[in-house]
Each structure stands twice: as C-alpha cells, then as structure tokens.
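Trainee: sharing a model that was predicted from the sequence below.
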There are 2 protein chains.
Amino acid sequence: MAHDNLKIIPLGGLGEFGMNCMALRWKDDILVIDAGLMFPESELLGVDIVVPDISYLVENRRMVRGIVLTHGHEDHIGGLPWILSELNVPVYGTEFTLAYVEGKLEEHKLLDDTELIEIAPGSKFTIGPFTVEPIRVTHSLVDCVALAIETPVGVVVHTGDFKVDLSPPDGKAFDLHKFAEYGKRGVLALLQDSTNVDRPGYTPSEWSVKPRLDEIFSRTKKKLFFSCFSSSIYRMGIALDLAHQHGRKVAIIGRSMVESSEIAQDLGYINISPGLIINPGQIGDHAPENVMVLISGTQGEPMSALSRAAVDNHKHARISPGDTVLLSSRVIPGNEKSIYRVIDHLCRRDAQVIFDDGASGLIHVSGHASQEEQRLMINLLRPKFFIPVHGDYRHLKKHAELAKSMGVVDAAILIEDGDVLEVNANEARKTGKVTAGRVCIDSGSSADVVADIVIRDRRHLSEDGIVLPILTINKLSGKVERLPELVTRGFVGADPAMLEEARKVVGLTLENSSAEEKADYGVIKEKIRIDLKRYIQKNTSRRPLIMPVILEI
Amino acid sequence: MAHDNLKIIPLGGLGEFGMNCMALRWKDDILVIDAGLMFPESELLGVDIVVPDISYLVENRRMVRGIVLTHGHEDHIGGLPWILSELNVPVYGTEFTLAYVEGKLEEHKLLDDTELIEIAPGSKFTIGPFTVEPIRVTHSLVDCVALAIETPVGVVVHTGDFKVDLSPPDGKAFDLHKFAEYGKRGVLALLQDSTNVDRPGYTPSEWSVKPRLDEIFSRTKKKLFFSCFSSSIYRMGIALDLAHQHGRKVAIIGRSMVESSEIAQDLGYINISPGLIINPGQIGDHAPENVMVLISGTQGEPMSALSRAAVDNHKHARISPGDTVLLSSRVIPGNEKSIYRVIDHLCRRDAQVIFDDGASGLIHVSGHASQEEQRLMINLLRPKFFIPVHGDYRHLKKHAELAKSMGVVDAAILIEDGDVLEVNANEARKTGKVTAGRVCIDSGSSADVVADIVIRDRRHLSEDGIVLPILTINKLSGKVERLPELVTRGFVGADPAMLEEARKVVGLTLENSSAEEKADYGVIKEKIRIDLKRYIQKNTSRRPLIMPVILEI
C-alpha cells in the first residue's frame, strides 16, 4: 500500500484485558491513545505490574507527538510513569483524569517534567496532522471521553471505555448528538470497547444500584463497611448520601480511597455534608449503628485495608460480630480465591457479608456497554471500518461478528497487539507487525525515581538477580516448620552474613503475623516480599526480584 | 463429656472444597467416610495433588476398621492410594465406585494388597460397632450413595454428594422412601453436602441438557468436539446417543475419557451402538459433518487433549475452521484463566466455541442439591443435629443458617477440619482438636510405587531438594531470551555436568514447543516440569520438587 495511509497500531489491550495503548501514525507523526497497565497473572510471581512493550514508540521517539487519555482508570493511565520515563511527551486528558495522573506522576517524581494539557468535551485540539475532538461518554468513572480524530484519510473514532448511561448521577449525559453528527458526516473507522460483548441488552445506569443499597442501609443494625473500587466515584457519592440520610458518620480507610475521595470532592463530583466525615480513630466514639466505614480492598488484595481488617490486623477497621460488610463491586476473574478467602475470614468474625453472588440484588453495575449499546454506537456512527478493541481474542472476534451481522459497516477487522493496520478512504489491510508484548515491572517503593524502573526490570536477572525465600508452613497450625531458606541466583550483594540477617528478617515477619495471616498465602507472601525488599535495598542498594515460595508439609 | 459419646472428626472438606474425609469414632473403633484429594491452588507450585493430613488415623491405626466411599469422584476417592499406603484397611464402595478405585490402585500397584468390598443400596453391612446402610442418591456421577450409620447413640446420616434428580437417565431414582423411613424412626445427626447452598430452587435433572445439546448437534456443520468431565457418565451417554441419531461416528480422545467410557460400558451405564466408535486415527477418513470427538480437558488442564488440540499439537484431534467445540461443563473457580486461554486459542483457529457463559443455554447442570433439595432432605430426615459438610467456611455457615431457619433441627453445628465433635442422644459439643491439614504430593509418574509417596513428600526439601528452571520468554515473539537457568537447593545429585545436561533438556523442550505453547505459560511450565522430572529421576534417582519460573522481559 501507498505511503499515504493511516497506520493503526495497537500496543496493548487487543488480545488481553488491561494495558490499553494504541498508536495512530500518519507519515512521521504518531499520536498515542491511552497508556495503561494490567495486574500480573498468578504465573508471574514477584512482579507488581505489567505494562505494554513500547519499543515501537521508543524506536520512533522523535515522531511521538503526545498521549491522549480517554479516562482515569489504571488500565488506561497506569503505564504513564513508565512510558514518560522513556519518552517525554505531552499528556492530554480531562480535568478529572489529569487529577489522577498528577498524583501518579508526583509519586514517581515526574510531575515537574511533564507537560499536562487539559482537554474538554467539545473543544477540538490539534496534534500534528490530527485534529482531536473529545466527546462526552458515560462509564463507571467520571469525566470520560471518546475521541473523534480527524486524519488526512478520514475520521477515526475511539470510544475509550463507555456505556450509554441516560441518567448519570452527575447529570453529564452521554453525547448522543455529537456521535450522530459525526455519523452523518462520515466515519472512516470505529475502534470500539469490546469488554461486555457477551452481555445481551443494555447495561443499567449507575443510579440503578441506589434502591438496593438503600435497603441494605435500612436493615443494617451495626457497623456498615462499604467497599467499592476507589475510582467508583458515583458509587462513593451514593454511599456518602445514604450514610447521611441514615444517620451514619463516615470514616474513610485505605490510601486509594482517601486520595480518590479528596480529588472527587475538590472537583465537585461528590458533596459531603459538614460533619459527616470522622477520623478512623474516632470510629469507637460512635455507636456502631451510626458508623459507615468506606474501605478499599474489594478484590481481596493481600495488603488492602479490608483484607487486613478481615484477619483482625487493622488498627481502626475492626470487624465485630453482627457488622455488615458490603462489597459493591464485581468479582474480577482470576481474583476469586483472594476474594473468597477474605469473605471466609469475615464470616469467621460473624460479619454479614453481601457481595455480588447473583443473589444479593443489584449492588453493582458494569461500566461497559452491553450488546445493544454497542449496536447503538455503530448505528450512530455508521463507520466504514469497524475495529474491536479492549478484550481477549474471543471478545474481539465476537464483537467483530456482532458488527458484521448488522449490515452497517463495510468490514469488521480483527487486529491484535503489534499488528499494523493500514487504512485509507478505500481499504483497510494488515501490512505487518511491530514489536509488542508485556513488560513486567517490580515497581519498588513509591519513593523510587521512575527513571530506574525500565532499567531495573531489564537488568533484574542479569545484575540484581533473584531471591527466593522458601518457607514451609503447616497449614492448620500456622506453624513454620523450619527456619526459612533463602535461595539466591545472580544476586551480587549476597554475602553469607547479610543473607543470615535476611533470613532473620523473614523470620521476624512470620513471627509478627497472626496464624490467620500465615494461613492466607497471598497475605503472607506479600508481607515477606515487602519486608525483605526493604531490608535488601537498604543493605545492598540492589533490587533483586523477590519471589516467596510456600511449601505446605 | 463421657466416654460414651460418638466422635465426629472431619479431616478434610470442611473449610475447603475437595479432599473430603471424615472419621467416626466410637470408643476404639474408627470408620472413615471418603478419602478425597483436591487440586492445588496456584500458590502451591510444583505440586500435583493435595490430600488430607491423616496423622490422626495413623496415630490410631489399630482402631481404623475401614473406609466407606460414597461415590467415585476424585474429591472422594483420589486420596486413597496415599491413605492406603499408610493404612492397609478394607475399602467399601458400590460397583461403579470400586471400578474407578481399582484402576487407581492398579496404577499405584496397591490393588493386590487391598481388600475391596462391594456394597449396594439397601444392603446393610457392619463395621465394628457401626451398621451401615447405603441409600441410593442421585448426582452427576452414577451409582452414588448416602450412608445411614447406626451407632450406639443413634443414626448418623452422611449424604455424600447428592441432588434430588427425579428422572436420572439410568432410571435409578433417588430413594425418597428410605430417607423418609429413617426420618420416621429418628435421626441423631445429618451431615449434608453444602456445595450449592448459594443457589435457590432446585437443580435441574441430568436429562435437562438434552434438548439444548440436540439443537447444537443439529446446527453443527463440521466436526463436533464434545468435551465434558470424564466422570460425567450421564453426559457422555447423552452425547453418544445424539451422535448416533445425527449420523456422526465417535472418536474418544484423552486417557481419562477412554478409561471412563470403558468402565461405563462394561457396567452397562452407556450403550454404544455397533460401529459407532472409530479410532482417533480414522477421523480423517470421515467427512467432518459425520464425526464427533469426545475429548477430555474442560478445565484447560495444560496437558489435556483439548489444550493440546487448541495449540495444534495433538496428533489426531485437529481443529479446522468451522469446527464446533462444546464444553459441556462448568468453569470451576480458579480455572478461568486456563479455560479462557484454551478458548482464545480455539477462536484463533476459527472454531465455534460453546461454553457455559450464561448465554449458551442449558449445556451443563450441577450435580449438587440446591436450597430446596437441601430443605427437602432435612424435612425427610428431621435430624436432631445438623452438621454441614463440603464447602468453604461461608458455605458451611450459610447452610447451618438455612437449617436453623427451618425450625426442624434442635441445633445446627459448625465444625471445621480437625474439630472433634462429641455427640450423644442429648447433646453435641466440640471438645477438642486433632491434627488436620493439607499434605502436598508430587505424585510422580504412574509407574511409581505409592509407598514412596508419603516419604517423598516429607523429605522433598530435606533430602531431594528443589530445582527451579528459570526461563525468560519474550511474550509475543515467543523467543527465549537466553539459555534457561537452573537454580537448585538441597539437591544432592546436582553435579555440574548433569545440571548442564538438564539445562539442555529444558532447552530441547522449548525448541520442540510451538510459539503458541510458549505463550501459554500453563502449558510450557507443565511440559518443562514433566521432561525435567523424567530426566532427573533417570539420572539421579532423586525426585526434587521442580518449579518452573517464567520471567517475561
């Protein structure tokens, strides 16, 4: 094909959920849409996060004009620190999205060196040969946009994550008219969110959980622990309103929950009545029936506030018999064991646990479009080419079939990470492949300078080596059968005395853990990893990959 | 409490799903119900199976009179080889259950030394002070029984796994009358299956999947790959009938599927029309629309026939575009990633994949009682004491609450593995704890003598050590970034020359694997583990724990 083609090059999120990243290239200009992360599969031990391989962008670094963000979820912005440490380019996002980004860049000491450009629905801006118009969409997060991108060969629309919520709690409606307008004028290609392609019908509005949550508030007699994703701003707002109506003071626990609620309040997305919020330390000063604890940890993350509370290891969040714990969230596939472990622990404390088990009523709604909404968007935009994004291969395939069966699009095209799709006004064709894949990052403490991250990852094995603390635990007694062993490989700082000390550090971590924690491998491994990492970094300035191994004997 | 109490001591399955094992003790006689295994959680690398800690039985070995099996599923019989290698006691089971047990014991060279005693519904037998009557129940497997056990303090009923199937395909109905009779005479304690306590209503009959499966057969144009649990004898029978009706020859692929179908045929549970079965090598001799392949691997097990077919690495099971793959099974929690990986591979081969995604119609039914059936059983038996078995803590708790709320039982009692519950005609009370827990077993090749298993497990770390093959794989290219490393610890046979050779073995395994297999960590780790284990055992007679570690760079 000729040089006068637009190249669409997915670098992440097409063939997996998470780490969304897409490059659009026209001649010598590249625009990047989103820069996400994903959380590692259980096979990848000792790794904190996974980000897309951006070799293609690095090789063409002088062409990259900027990164445009559709919204503030981790799978769309979480890879930014890593990418920005390689490529210093401007980042475009809406007000709320940039508030999340700022926190993240601050933490990695990249904020001062990064140009952040605020965008808003309806306000076009230009990046090289591309004119971008953000269009308001609705999702489980606030201030989300799709992108209509005028290119020399036609308009490309990227939906970002969306659903068609006709009554979003903030009143900022999905912009049906704007999509209709673009559809009338003609759209060359539509890149559309595939996440919920398995669900027939429509996804309910963010409002729709309120009646059921209200019922739960009404019948809860003691403390109510309300847990949701910290980015579920609408949900948080509903919970705060209900707490106020039902005469409960609110303590907010968990770093992500605190930060997120502050941003949402600052930007006017939640209104907190004066006197509603109490410090976590004051929970005991109020009658249980007058307290709600907004707490993070819906996915059973081992170090989260809720997981620690479940094993009675949180200073302020203490579960008493008769308390209610409400998980207003979904069970993300892959997290079942961690989540159910936490629920079992909560049951042992005689808490009433309400979670999305199919029998608890509408306590959570998805943020992604179901089939009818996907069809609605295709009908509004009537694109020539349809390209599914965001999903495992089977979702992309089903989404392509859905679009094809409607008879609206000329072609539905299946591409995966690394494919180069060339498009012009007449045709769309895969013409090659670029390097793509997943890069695992052991992100270190929040004080780390991010510039190290890439290097560290690449040199982990060759320079910093691996340390495997090997423990033998008796499941039921929680007894550690012998002193933990430390197996090391390629770990230069490994002198015998230091290793002996390190073993003692692991021993100490074990000693300071409850029997319940020791029975919960997710928790105990994470504790050991964190403590040992801190000790080794302090004493050797090295950052080996640390992978605790537990053997039950 | 007095010495004249019955002791009920769960050793497995109360606090987890799987490894069901329960001891009943009256003075100096112990009867054991079931001896199951569970499959390891992902945290337990390098381990094949998990079985209950039977220290309590070993310590009281002279009191153990026998093991009575309720049915032939792995979570009820899979621990037998391990237990029998420690305790040579008679094993009681129904005809079909014993057929499974024989194969298992044969494999472990324990068959000649084990006394197997066939039992049948309605025929009482005596073990020490216990008189046991097996009662016909229905489940997803055939020839299953509950046990009514007369003890000196009263009758204890253990349901085993059950549902109330009023039209089982083999016509062997759930014995409502017998349970009613025991209920009339008085039941001291009911130990009841909690598995589906989260499900309201009734579980559908095994028959109920037939209409939907028939539709799928009707509209399938090319080859049909039918996958179900190899123990789903009813399902297998329905599939064979439908194949016959729709003019498809049947090839059976996968060791467990072949063995199970042979047993079912021998015992008259499935009837195969003459000429229906073809050899896997003959698949190509028939038009695709005239072939059904009955294939094992519904859970995405890395070495299963279906997993290998999905990456085009099975000699006979070859997936062509347009073929249909039907998974007539459920997605067991924890297996999502493996299963979805296989489905994605199948989609890449342009197969039509039908699985239990909530939108495929009734292609699978559970074998366990839902709430109304649990209530029905409680109403029939009207036990004094109700004790939930089989489930995580939250299931046991919910099941106890269900029973309590009915106002039929005197008390619902929550016990977990290792608890000692003492029962007499007047009261039931937890009085202590015995050793209980999980033992991890690396079961070795099928040629191993099982007497080794226990010892091997216990000495793994101290004598045979650990070998960790560490690979760095580039996800997308599938390229192995450098020669695999072997980290060893406490592995006595580890001379440098042998290890160098072992590295080459791993290298060879990688060379002989397709890019798709290398991208599928479950598969590649299992292949490496098996090949390396074989090499090391051959060359050193040692059996270190082998735990492949994959790093993506």
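Mentor: In hand now; what should we look at?
Trainee: all the helices of the stretch 51-200 of chain A, residue numbers only.
Mentor: In the stretch 51-200 of chain A, the helices defined using DSSP state H, counting those that start in this stretch lie at A:55-59, A:74-77, A:80-86, A:95-107, A:176-185.
Trainee: next, format the ones you listed as JSON lines and append mean pLDDT, mean neighbour count and distance to A:Leu141.
Mentor: To be clear about C-beta, it is placed using only N, CA and C from the backbone, and glycine gets the same treatment. Below are these laid out as JSON lines (pLDDT from 0 to 100; neighbours: other CB atoms under 10 Å in any protein chain shown; distance: least, CB to CB, whole Å):
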{"stretch": "helix A:55-59", "mean pLDDT": "95", "mean neighbour count": "17", "distance to A:Leu141": "25"}
{"stretch": "helix A:74-77", "mean pLDDT": "96", "mean neighbour count": "24", "distance to A:Leu141": "9"}
{"stretch": "helix A:80-86", "mean pLDDT": "91", "mean neighbour count": "23", "distance to A:Leu141": "16"}
{"stretch": "helix A:95-107", "mean pLDDT": "95", "mean neighbour count": "19", "distance to A:Leu141": "8"}
{"stretch": "helix A:176-185", "mean pLDDT": "97", "mean neighbour count": "16", "distance to A:Leu141": "19"}
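Trainee: so where's chain A uncertain?
Mentor: In the predicted model, chain A carries pLDDT under 70 at residues A:1-3, A:40-48, A:440, A:442-465, A:473-478, A:481-482, A:489-494, A:551-553.
Trainee: domain-wise, how is it divided?
Mentor: Following automatic domain parsing, chain A resolves into domains at A:2-201+A:366-448, A:206-354, A:452-552.
Trainee: re the thing from before, ok, which of the helices of the stretch 51-200 of chain A comes nearest B:Pro129?
Mentor: The closest of those to B:Pro129 is helix A:74-77. By CB to CB, the value is 61.6 Å.
Trainee: mind giving me the packing neighbours of the closest one?
Mentor: Secondary-structure packing of helix A:74-77 (3 or more CB pairs under 8 Å, 6 or more residues apart in numbering or on different chains; DSSP states H and E): helix A:95-107.
Trainee: helices or strands up against the helix it packs on?
Mentor: helix A:74-77, helix A:80-86, strand A:91-93, strand A:116-118, helix A:255-266.
Trainee: quick one: residues in contact with the helix or strand just after the last one.
Mentor: Spelled out, it's helix A:255-266. Next along the chain after helix A:255-266, taking DSSP states H and E as the criterion, comes strand A:277-278. The contact list for strand A:277-278 (CB atoms under 8 Å, 6 or more residues apart in numbering or on different chains) reads A:249-252, A:285-286, A:291.
Trainee: next one: the very next helix or strand once past strand A:277-278 to chain centre, how far?
Mentor: Next in sequence after strand A:277-278, counting helices and strands by DSSP H and E, comes strand A:291-295. Between the centre of strand A:291-295 and the centre of its chain there are 22 Å (CA atoms, centre = their mean, to the nearest Å).
Trainee: now strand A:291-295 against helix A:255-266, angle please.
Mentor: Interaxial angle of strand A:291-295 relative to helix A:255-266 (axes from the mean of the first three to the mean of the last three CA atoms, to 10 degrees): 110 degrees.
Trainee: C-terminal to strand A:291-295, which secondary structure element comes first?
Mentor: Scanning forward in sequence from strand A:291-295 by DSSP H and E, the next helix or strand is helix A:305-310.
Trainee: now find how far off-centre that next one is within its chain.
Mentor: Here helix A:305-310 is found 20 Å from its chain centre; the criterion is CA atoms, centre = their mean.
Trainee: list the contacts of that helix.
Mentor: So helix A:305-310 is contacted by A:225, A:227, A:253-254, A:257, A:295-298, A:300-301, A:314, A:317-319, A:325, A:338, A:342, A:345-346, A:349, A:520, A:522-523 (CB under 8 Å, 6+ apart).
Trainee: restrict the residues you listed to contacts with chain B.
Mentor: Contacts with chain B within these, as defined by CB under 8 Å from any CB of the partner chain: A:Gly522.
Trainee: in ChimeraX, select just the buried ones from the contacts of helix A:305-310.
Mentor: Burial among the contacts of helix A:305-310 is assessed by 16 or more other CB atoms under 10 Å in any protein chain shown; the matching ChimeraX selection reads:
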select /A:225,227,253,254,257,295,296,297,298,300,301,314,317,319,325,338,342,345,346,349,520,522,523
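Trainee: please pick the buried ones from the contacts of strand A:277-278.
Mentor: A:249-252, A:291.
Trainee: got those residues as JSON lines, with distance to B:Ala403 and secondary structure columns?
Mentor: Listed next are the buried ones among the contacts of strand A:277-278 as JSON lines, based on distance: CB to CB, whole Å; DSSP: H, G, I helix; E, B strand; the rest coil:
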{"residue": "A:Lys249", "distance to B:Ala403": "38", "secondary structure": "strand"}
{"residue": "A:Val250", "distance to B:Ala403": "37", "secondary structure": "strand"}
{"residue": "A:Ala251", "distance to B:Ala403": "36", "secondary structure": "strand"}
{"residue": "A:Ile252", "distance to B:Ala403": "39", "secondary structure": "strand"}
{"residue": "A:Val291", "distance to B:Ala403": "32", "secondary structure": "strand"}
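Trainee: which two of those residues have the greatest separation?
Mentor: Taking CB to CB, the two most distant members of the buried ones among the contacts of strand A:277-278 are A:Ile252 and A:Val291; they sit 11.9 Å apart.
Trainee: what does the stretch 251-400 of chain A put close to chain B?
Mentor: Contact residues, the stretch 251-400 of chain A versus chain B (CB under 8 Å from any CB): A:333-334, A:336-337, A:340, A:343-344, A:347-348, A:353, A:357-359, A:392-394, A:397.
Trainee: now do 6 Å
Mentor: By the rule CB under 6 Å from any CB of the partner chain, the part of the stretch 251-400 of chain A lying against chain B is A:333-334, A:336-337, A:343-344, A:347, A:357, A:392-394, A:397.
Trainee: of all those residues, which two lie farthest apart?
Mentor: Among these, A:Cys347 and A:Lys397 lie farthest apart (CB to CB), at 40.0 Å.
Trainee: where is the longest helix in chain A?
Mentor: In chain A, assigned by DSSP state H, the helix with the most residues is helix A:521-540.
Trainee: what lies in contact with it?
Mentor: For helix A:521-540, contacts defined as CB atoms under 6 Å, 6 or more residues apart in numbering or on different chains pick out A:302-303, A:338, A:469, A:493, A:498, A:502, A:505-506, A:509, A:517-518, A:543, A:546, A:548, A:550, B:43.
Trainee: just stretch A:348-356 next, same as before
Mentor: A:319, A:321, A:323-327, A:330, A:343, A:346, A:360, A:364.
Trainee: what about A:Pro121, neighbour count?
Mentor: Other residues lying near A:Pro121 total 17 when counted by other CB atoms under 10 Å in any protein chain shown.
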